[in-house]
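> My questions concern the predicted model and sequence given below.
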Amino acid sequence: MIAPKKQNLHGNPSQILPSELIDRCVGSKVWVVLRGDKEIEGTLRGFDVFVNMVLEDVTEYEITPEGRKVNHLDQILLNGNNIAVLVPGGKPEDS
Amino acid sequence: MAGRGKESALDLAKFVDKSIRVKLAGGREVVGVLKGYDQLLNLVLDEAVEYLRDPEDPMRVTDQTRPMGLIVCRGTSVMLVVPTTGTEEIANPFQQEEMEA
């Protein structure tokens, strides 16, 4: 678990911990938005304390001025360095 | 003078269940209801919406949005956190007169 609640005795017990939400997402689709104009959607197999992620059955989206380019990749290790946002459940259907 | 050891500079507890705007490294901006956070500034936002950037100037953000739902913002990318209420746009106080060198 990332950032376990060590000193948070007075914390809000009814909040959702970010690392718990990512943990619950293992085995299902996740949409990862990177800092630049790239997005990755795939099935989350696992992650580490740095939120490097192993993803399967991956679609890579490059958002360029002309439009999107899409690649498909089987299994990847995604470097957590450039991750900005994680969305459990994958991209919304209408995007 | 240095900041206190383990404490965060910002107590996010006061923003829980409130709508906040988060600016991320790389120029992205996201608005959502804060549902959780940790010491590393990772955030859980609900009903999150990304404000899209101007294609001509990727450092500016337009009024166009796209929905994202329940998301985690990586603390390593979080640059700024501000509540969505309680701010207003003002005239540019740094605007120089044309005549000044």
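All right, it came through fine. Numbers count the residues shown, from 1 in each chain, chains lettered A, B, ... in the order given.
> With adjacent residues omitted, what lies nearest to residue B:39?
Spatially, and ignoring its direct neighbours in sequence, residue B:39 is nearest to residue A:3 (5.0 Å; CB to CB, 6 or more residues apart in numbering or on different chains). In short, each C-beta sits where N, CA and C put it, glycine included.
> go on, residue B:33?
Nearest non-adjacent residue to residue B:33 (CB to CB, 6+ apart): residue B:46, at 4.6 Å.
> Settle this for me: the one you found is touching residue B:35, isn't it.
Yes. Contact criterion CB atoms under 8 Å: residue B:46 and residue B:35 qualify, at 4.9 Å.
> okay, and the common contacts of those two?
By the contact definition CB atoms under 8 Å, 6 or more residues apart in numbering or on different chains, residue B:46 and residue B:35 are jointly contacted by residue B:70.
> any weak-confidence spans in chain A?
Along chain A, segments meeting pLDDT under 70 span A:1, A:4-13, A:65-69, A:94-95.
> Quick one: the helices in it, in order.
Using DSSP state H, the helices found in chain A span residues A:18-24.
> who in it is up against chain B?
Within chain A, the positions adjacent to chain B are A:2-3, A:7, A:11-12, A:15-22, A:33-36, A:51, A:65, A:80-89, A:92, A:95 by CB under 8 Å from any CB of the partner chain.
> hey, which strand is longest across chain B?
Using DSSP state E, we find that the single longest strand of chain B is strand B:61-73.
> mind listing the strands for chain A?
Going by DSSP E, chain A shows strands at A:29-34, A:38-47, A:53-64, A:67-78, A:83-88.
> measure the residue nearest the centre of chain B to chain A for me?
Centroid-nearest residue in chain B: residue B:22, 2.0 Å away (criterion: CA atoms, centre = their mean). Counting by CB to the nearest CB, to the nearest Å, the gap between residue B:22 and chain A amounts to 9 Å.
> quick revisit: any of the residues of chain A next to chain B buried? List them.
By neighbour count, with 16 or more other CB atoms under 10 Å in any protein chain shown, these hold A:2-3, A:11, A:15-22, A:33-35, A:51, A:80, A:82-88 as buried.
> circling back: contacts only, for the residue nearest to residue B:33.
By CB under 8 Å, 6+ apart, the contact set of residue B:46 is B:32-33, B:35, B:69-70.
> Show me what the closest residue to residue B:84 other than its chain neighbours bridges to in the sheet.
In space, and not counting its chain neighbours, residue B:84 is closest to residue B:19: 4.3 Å by CB to CB, 6+ apart. With DSSP bridges as the criterion, residue B:19 is bridged to residue B:33.
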